[in-house]
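Engineer: prediction below, plus the sequence it came from.
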Amino acid sequence: MGQRMIERRLKETGARLRSLRVELAVVEEQLQALSEDTEEKGLRAMVSETPGADVEYREARLHSEAMSRHRQSVIDSIKELEARQDALLDQMQR
């Protein structure tokens, strides 16, 4: 692969990494808020013992779990791009 092609791919990879890192920060902030909301609704469900409170808690828990899966997906993407970036840097060294 030519030097210019490697450089272009490095720039693209770097831009995508920056974007994913920003997304990860947002996701982590949202996950924290969702987790706190889930805990609050869980306590409310235990205290009130009403079906409506249980439904709210389950929905909040599902949202938290979905955001947690999304967070892991973003982390996995970052790791994959970092590995790709390392491989491109190795190719530049040759």
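Structural biologist: Looks like it arrived, so ask away. Residues are numbered from 1 along each chain as shown.
Engineer: mind jotting down where the helices sit in the protein?
Structural biologist: 3-48, 51-93 (DSSP state H).
Engineer: got the CA coordinates for stretch 44-57 in PDB?
Structural biologist: Extracted C-alpha coordinates of stretch 44-57, given in PDB (Å, rounded to 0.1, in the frame of the first residue of the first chain):
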ATOM      1  CA  ARG A  44     -39.900   3.600  44.700                       C
ATOM      2  CA  ALA A  45     -41.200   0.200  43.300                       C
ATOM      3  CA  MET A  46     -40.100  -1.600  46.500                       C
ATOM      4  CA  VAL A  47     -41.700   1.000  48.800                       C
ATOM      5  CA  SER A  48     -44.900   1.600  46.900                       C
ATOM      6  CA  GLU A  49     -45.600  -2.000  46.000                       C
ATOM      7  CA  THR A  50     -47.900  -0.900  43.100                       C
ATOM      8  CA  PRO A  51     -47.800  -2.500  39.600                       C
ATOM      9  CA  GLY A  52     -47.300   0.900  38.000                       C
ATOM     10  CA  ALA A  53     -44.100   1.500  39.900                       C
ATOM     11  CA  ASP A  54     -42.800  -2.000  38.900                       C
ATOM     12  CA  VAL A  55     -43.500  -1.200  35.300                       C
ATOM     13  CA  GLU A  56     -41.600   2.100  35.500                       C
ATOM     14  CA  TYR A  57     -38.600   0.300  37.200                       C
END
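Engineer: in stretch 45-65, what counts as buried?
Structural biologist: Judged by neighbour count using 16 or more other CB atoms under 10 Å, the buried positions of stretch 45-65 are 45, 53-54, 56-57, 60-61, 63-64. Heads up, the C-betas are built off the backbone N, CA and C, glycines and all.
Engineer: could you do stretch 65-79 as well?
Structural biologist: 67, 71, 74, 78.
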